[in-house]
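# need the 3D shape of this:
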Amino acid sequence: MRGQSSIEFIILVMVTFVLFLSFVYLYGTKIETTTNTQLRDKIMDVCNVISDELYTASIVKDGYRRTFALPKNIYGMDYNITEHKTDEYVVVDVVCRNTTYSITVPYYEGSLSKGENVVQKEHGGITIS
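Residues are numbered from 1 along each chain as shown. This next block holds a predicted model:
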C-alpha cells in the first residue's frame, strides 16, 4: 500500500510539473508574439512619418520646409534605414532585428537619418538634409 501511494505521489508531481512547464512555454510565446507585434507597429510608425513628410512635400508649392524627427532607436534596439533610388521614386526599407518594412515615396535628393531631418521643396524637387 505504501508503494502504491509513493507511485501515485510521483505521478501527481510529474503531471503538475508538465502542466507548469506548459504554462511557462505558452506565456513565453505570448510575450514574444506581443513584443514582435509592438516592434512591427513601431517600424510602421517610422515608415508612416517618412511617407507623410515626403508626400506632403511632393504636393505643396516651392518654398516648403519642415523639420521632422526619426527615433534614434526602436524600443532600445538599433535600426537601419536603407534607400533604393530610381529616377522617379525611392524605396525606403526600415529594418530592426529580423523585421523589415518597405515603403515607396516620391524621389528626393539627400538621405534620411535618425534624429532630425529637414525636408524642403525648391525648384520642384524635394531635398532631405
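# tell me the helix or strand right after the helix or strand containing residue 41.
Following DSSP states H and E, one finds residue 41 within helix 2-59. Downstream of helix 2-59, the next assigned helix or strand under DSSP H and E is strand 65-70.
# give me the contact list for that next one.
Contacting residues not belonging to strand 65-70 are listed as 46, 49-50, 53, 56-57, 81, 112-121 [CB atoms under 8 Å, 6 or more residues apart in numbering]. C-beta: built from backbone N, CA, C; applies to glycine.
# just stretch 38-50 next, same as before
For stretch 38-50, the external contacting residues (CB under 8 Å, 6+ apart) are 68, 70-71, 74-75, 77, 79, 92, 94, 96-97, 99-103, 105, 112.
# drop anything exposed from those residues.
Neighbour counting by 16 or more other CB atoms under 10 Å classes 68, 70, 74, 79, 92, 94, 96, 99, 101, 103, 105, 112 among those as buried.
# the fourth one contacts residue 93, doesn't it?
No: look at residue 79 against residue 93 with CB atoms under 8 Å: they stay out of range, at 10.2 Å.
# lowest-scoring secondary structure element of the chain by mean pLDDT?
helix 2-59 (a mean of 84; mean pLDDT, DSSP states H and E).
# just how off-centre is it within its chain?
Computed by CA atoms, centre = their mean, to the nearest Å, the chain-centroid distance of helix 2-59 equals 17 Å.
# now the angle between strand 65-70 and it, please.
Here helix 2-59 points in a direction 170 degrees away from that of strand 65-70 (axes from the mean of the first three to the mean of the last three CA atoms, to 10 degrees).
# residue 91 and residue 100 touch, don't they?
No: with contact defined as CB under 8 Å, residue 91 does not reach residue 100; the gap is 11.3 Å.
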